[in-house]
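Student: One predicted model, sequence on top.
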Amino acid sequence: EAQVTQNPRYLITVTGKKLTVTCSQNMNHEYMSWYRQDPGLGLRQIYYSMNVEVTDKGDVPEGYKVSRKEKRNFPLILESPSPNQTSLYFCASSPQIHNSPLHFGNGTRLTVT
Amino acid sequence: ILNVEQSPQSLHVQEGDSTNFTCSFPSSNFYALHWYRWETAKSPEALFVMTLNGDEKKKGRISATLNTKEGYSYLYIKGSQPEDSATYLCAFQGDNFNKFYFGSGTKLNVKP
């Protein structure tokens, strides 16, 4: 089944403890991106990747890192999480950026205390 | 940061009613406009990707129109059903088409 898989679905952690949210797609998509969703706000783009080893910042990249060493995987890394990073996170992929919709993962709800 | 606005924020209709909502976006440097349907506890699913001024797309009882010159898109649902209850998101792509700017969504509740 074609899908975007995020893990974990739920995570509660403490301030400063490094964590990684994984994202994997099995559709050979070139484009992948991360978003956070907060109450009252639209999805905000954190980082995106056009292909292997090509990544760039979205609108809210502070406090996050990403890597794209393989086409299928695009992990989101929080080196030192803070409570303001408590949010619902979505990974998405697309076969190409032109005229193609985003395919979203199931989301990761992160709580930082 | 680009401003993408959706209205209304929420909408309550009766089963069988037709409804529509709006997405407003910058009219300059337009590349594409996306619509997604997001059910509670699920992930957003694509409805339409629209690129040309005057474009109209249809999927079953849902259709959308696009006006890039004035910077808006309408989503219409004909004969709403309870299963249409969801949040409808629009997303704008501008001249940096790798970046997506989402509205905060219209939450639709269809009462049986």
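Tutor: All right, it came through fine.
Student: So residue A:113 versus residue A:11, what's the distance?
Tutor: 11 Å (C-beta to C-beta, to the nearest Å). The way it works is simple: take the backbone N, C-alpha and C, and place the C-beta from them, glycine included.
Student: of the two, who's got more company?
Tutor: residue A:11 (16 against 9; other C-beta atoms under 10 Å in any protein chain shown).
Student: Isn't residue A:63 up against residue A:77?
Tutor: No: using C-beta atoms under 8 Å, residue A:63 makes no contact with residue A:77, being 9.9 Å away.
Student: Which stretches in the chain count as strands?
Tutor: No chain in the question, so chain A it is. A:4-7, A:10-13, A:19-25, A:31-37, A:44-51, A:54-57, A:65-66, A:76-78, A:87-94, A:103-104, A:108-112 (DSSP state E).
Student: The chain in question should be chain B.
Tutor: B:5-7, B:10-14, B:19-24, B:32-38, B:45-50, B:56-59, B:62-67, B:72-77, B:86-93, B:101-102, B:106-111.
Student: number of nearby residues for residue B:58?
Tutor: 11.
Student: So what's the residue count around the closest residue to it other than its chain neighbours?
Tutor: Once flanking residues are discounted, residue B:58 sits nearest to residue B:64: 7.9 Å by C-beta to C-beta, 6 or more residues apart in numbering or on different chains. Residue B:64 has 24 neighbouring residues, counting by other C-beta under 10 Å.
Student: and residue B:64, what does it touch?
Tutor: B:35, B:47-48, B:50, B:56-58, B:73-76 (C-beta atoms under 8 Å, 6 or more residues apart in numbering or on different chains).
Student: what's the answer for residue B:2, then?
Tutor: Taking C-beta under 8 Å, 6+ apart as the test, what residue B:2 contacts is B:25-26, B:92, B:94, B:101.
Student: between these, which is closest to residue A:44?
Tutor: For the contacts of residue B:2, the residue nearest residue A:44 by C-beta to C-beta is residue B:101; the value is 8.6 Å.
Student: what about the closest one, distance to residue B:59?
Tutor: Residue B:101 is 23 Å from residue B:59, by C-beta to C-beta.
Student: more neighbours, the two?
Tutor: residue B:101 (21 against 12).
Student: Quick check: beta-bridge partners of the more buried one?
Tutor: residue B:92 (DSSP bridges).
Student: In contact with it, which residues are there?
Tutor: Residue B:101 touches A:42, A:45, A:59, B:1-4, B:25, B:91-94, counting by C-beta under 8 Å, 6+ apart.
Student: excluding its backbone neighbours, what's nearest the residue nearest the centre of chain A?
Tutor: When C-alpha atoms, centre = their mean is applied to chain A, the residue found nearest the centroid is residue A:34 (3.1 Å). Nearest residue to residue A:34, sequence neighbours excluded (C-beta to C-beta, 6+ apart): residue A:46, at 4.3 Å.
Student: Tell me how many other residues crowd that neighbour.
Tutor: By other C-beta under 10 Å, neighbour count at residue A:46 equals 24.
Student: Residue B:109 now?
Tutor: Residue B:109, neighbours per other C-beta under 10 Å, totals 13.
Student: and if you look at residue A:51?
Tutor: Residue A:51: 12 neighbours (other C-beta under 10 Å).
Student: List the contacts of it.
Tutor: A:30-31, A:68, A:71.
Student: Quick check: residue B:3 touching residue B:26?
Tutor: Yes: using C-beta under 8 Å, residue B:3 is in contact with residue B:26, at 7.2 Å.
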